[in-house]
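>>> Give me the fold of what follows.
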Amino acid sequence: MSAGLTFTYGVVRILNLAHGNLYALGAYMGAWLVLGWGSSAWPALSYLLLLLAAVFIGVTAGPVIERLFLRRVYGKEEEIQILLTFSILLILEDVIKLAWGVSPLFADKPYTYMGVVRLGGVDYAGYPFLLTGIATVTGLLLWLVVTRTRFGKVLISVITDREVSSALGVNVPRIYTLAFTLGRSSPRSAAPSPRRCSRSCPGSAPRSSSSPSPSSPSAGSGPSAARPSGPCWWAWPGRPPCTSSPSSTSSPST
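Reported below is the predicted structural model:
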């Protein structure tokens, strides 16, 4: 998630406050696909669906937001940029509510498929190790793109001096769109992370570039669903009535 935010800020020089909401949008899309089409007979299908959700949100929401909104505030005061991205944050939050309601989605299959890893006499869930590997590969790929490809050289040129790059024939707006889309399409930027089963407690989607911490357990994806146990996937579309656990903080983070 931080890789996508840093990559985008380094190119377009806008601190995107809606980055966390794009993350939540990808989380909901991934959980919805896994619940609808995931199969225990084909565990790899669940991971493929999560990857498709991340890429789909990146290549659809990314260009639209950059071209319709962010492109209008390049080079303007930071206050205007912050107000715009905060407005996008609120819009995306309502989009999530309209699409999936205000109840959390639980999709624990991708988590349980990885089993456990025993280290030093302690059992650890295997899925976080997979996420660590994905994050490492994503960082390596971004480094290779920036340092070993023609696009990376053009990207560095735009970051260093936009005016000179434009004078030399570089399509700067196109580079901005590609960079923003790439930052949104990062698997760790748009796909959800495993948490303990929790309720969508106060805070809805993250108000900054980070995601909220889990709160107290709740009942499944609706009022009548049974309370699940074990790790799950979840997101924060709204602010349903609930009581936060003592461990939750007023300034949640990933």
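
>>> Show me the helices in the stretch 51-200 of the chain, by range?
Secondary structure of the stretch 51-200 of the chain by DSSP state H, counting those that start in this stretch: the helices cover 78-100, 109-113, 127-148, 150-160, 162-167, 172-185, 187-190.

>>> what is the mean pLDDT for the fourth one?
Here the mean pLDDT over helix 150-160 is 88, rounded to a whole number.

>>> Which positions in that helix come out as buried?
Neighbour counts over helix 150-160 (16 or more other CB atoms under 10 Å) mark 154-155, 157-159 as buried. In this view, the C-beta of every residue, glycine as well, is placed from N, C-alpha and C.

>>> where in the protein is pLDDT low?
40, 186-254 (pLDDT under 70).

>>> which one of the buried residues of helix 150-160 is nearest residue 184?
Nearest to residue 184 out of these is residue 155 (CB to CB; 15.8 Å).

>>> May I ask you to confirm that that closest one is in contact with residue 148?
No. Contact between residue 155 and residue 148 fails when scored by CB atoms under 8 Å: they sit 11.8 Å apart.

>>> How many residues are close by residue 45?
By the measure other CB atoms under 10 Å, the count of residues near residue 45 is 17.

>>> in what helix or strand does it lie?
For residue 45, the element it lies in under DSSP states H and E is helix 43-68.

>>> Against which helices or strands is that helix packed?
Packing contacts for helix 43-68, counted by 3 or more CB pairs under 8 Å, 6 or more residues apart in numbering; DSSP states H and E, involve helix 19-37, helix 109-113, helix 172-185, helix 187-190.

>>> Format those helices as JSON lines; extra columns: distance to residue 129.
Formatted as JSON lines, the helices and strands packed on helix 43-68 follow (distance: least, CB to CB, whole Å):
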{"stretch": "helix 19-37", "distance to residue 129": "19"}
{"stretch": "helix 109-113", "distance to residue 129": "12"}
{"stretch": "helix 172-185", "distance to residue 129": "23"}
{"stretch": "helix 187-190", "distance to residue 129": "14"}
